[in-house]
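> sequence first, then the predicted structure, then my questions.
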Amino acid sequence: MDGVRELLAEYGQVHDGEVAERDRHRLLVDVVAALIRRTDPEATVDHRSPDEPAVFFELAGRDYALTVTTASGTAVAEAATAAVRAHDRVAGHNARWVLLCARTDGREVDDALRAGLPAGAVLLDRDHLEAAVCGLAPLADLIRSAFRRPRPPYTPLPELLLQEPREPASALALTARPPRPDTMPVAVEPGPPTPPPPGSRHHTADPGHASGS
């Protein structure tokens with residue numbers, strides 16, 4: 001599923017009302033895996049429970065595990081909770097976790113859904129997925145950007161595309177730096193005293209006069 005037309009056709013089947021839910025999940029996982037393989041050809045897929053991570057890949061030396069949920073509407077919160085529990089059971093602790101709510105757009109992502117994510121995880125929605133399907137941005141790039149600090153666990157697509165997170169000023173950057181070697185002060189040894197100019201009076205104390213003799 002490398003061609004754009006084939007990918008779009010596969011993604012179109014996801015929204016067919018006659019597709020069984022299990023088949024819909026498998027289609028979405030295959031679409032996501034095809035998008036990730038554009039960046040990491042070695043990405044692997046494991047079709048297990050719909051609640052468990054299904055796509056495993058590597059980006060810039062980091063391991064990632066991605067869970068796809070097909071729930072929509074009021075069922076999204078329950079599906080996300082089940083995905084969090086499944087991730088805690090089976091996912092490696094060293095892998096960054098991505099929860100993709102593939103049928104939930106950004107307007108439906110509420111505070112409860114965001115708060116349910118474990119530390120170090122990010123949430124993507126349907127907007128992120130369709131941006132990748134349409135070629136607006138590679139899915140791998142969106143994932144890496146979503147993990148960029150100090151972003152929150154969920155960042156809407158427009159902010160992810162247009163704004164870079166502002167890094168707080170580092171305390172180390174405010175500390176005084178030692179001078180460079182070429183600016184270090186050089187110690188100068190004292191030389192002979194400078195003689196007085198001609199015609200100037202230079203009095204030397206007379207020991208005898210000083211004692212009153």
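Right, received. Where do you want to start?
> contact partners for the residue nearest to residue 156 when sequence neighbours are not counted?
Using C-beta to C-beta, 6 or more residues apart in numbering and skipping the chain neighbours, the partner closest in space to residue 156 is residue 106 (4.8 Å). No exception for glycine: its C-beta is placed from N, CA and C like everyone else's. Going by C-beta atoms under 8 Å, 6 or more residues apart in numbering, residue 106 touches 125-127, 156-157.
> same question, residue 138
Taking C-beta under 8 Å, 6+ apart, we find residue 138 in contact with 35, 38-39, 132.
> list only buried entries from these.
35, 39, 132 (16 or more other C-beta atoms under 10 Å).
> just say helix, strand or coil for the last one.
Classification of residue 132 using DSSP: H, G, I helix; E, B strand; the rest coil returns helix.
> ok now do it, which residues does it touch?
Counting by C-beta under 8 Å, 6+ apart, residue 132 makes contact with 35, 138-139, 142.
> tabulate the residues you listed (CSV), appending pLDDT and distance to residue 120.
Compiled in CSV, these are given as follows (pLDDT from 0 to 100; distance: C-beta to C-beta, whole Å):
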residue, pLDDT, distance to residue 120
35, 97, 22
138, 96, 22
139, 97, 19
142, 97, 17
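> among those, which lie within strands?
In strands, defined here by DSSP state E, there are no members of the contacts of residue 132.
> ok, longest strand in this protein?
Max-length strand for the chain by DSSP E is strand 62-69.
> buried residues, the helix or strand that that strand is followed by. List them.
Using DSSP states H and E, the helix or strand that follows strand 62-69 in sequence is helix 76-90. The neighbour-count check on helix 76-90 (16+ other C-beta under 10 Å) flags 76-77, 79-80, 82-84, 86-87 as buried.
> chain neighbours aside, what residue packs nearest to residue 62?
residue 96 (6.0 Å).
> sec struct for the residue nearest the centre of the chain, please.
With distances taken as C-alpha atoms, centre = their mean, the residue of the chain nearest its centroid is residue 148 (1.7 Å). Using three-state DSSP, the structure places residue 148 in coil.
> measure it to residue 116 for me?
21 Å (C-beta to C-beta, to the nearest Å).
> pLDDT weak spots in this protein?
Applying pLDDT under 70 to the chain flags residues 1-2, 91-93, 164-213.
> just the strands in it please.
Along the chain, counting by DSSP E, strands occupy 44-45, 55-59, 62-69, 96-101, 121-124.
> indicate which one of the ones you listed is closest to residue 23.
Smallest distance to residue 23 across the strands of the chain (C-beta to C-beta): 13.1 Å, for strand 62-69.
> for that closest one, buried residues please.
64-69.
> pairing partners for that strand, with directions?
strand 55-59 (antiparallel), strand 96-101 (parallel) (DSSP bridges).
> wait, what's in contact with residue 14?
Contact partners of residue 14, counting by C-beta under 8 Å, 6+ apart, are 24, 27-28, 31, 70, 102-103.
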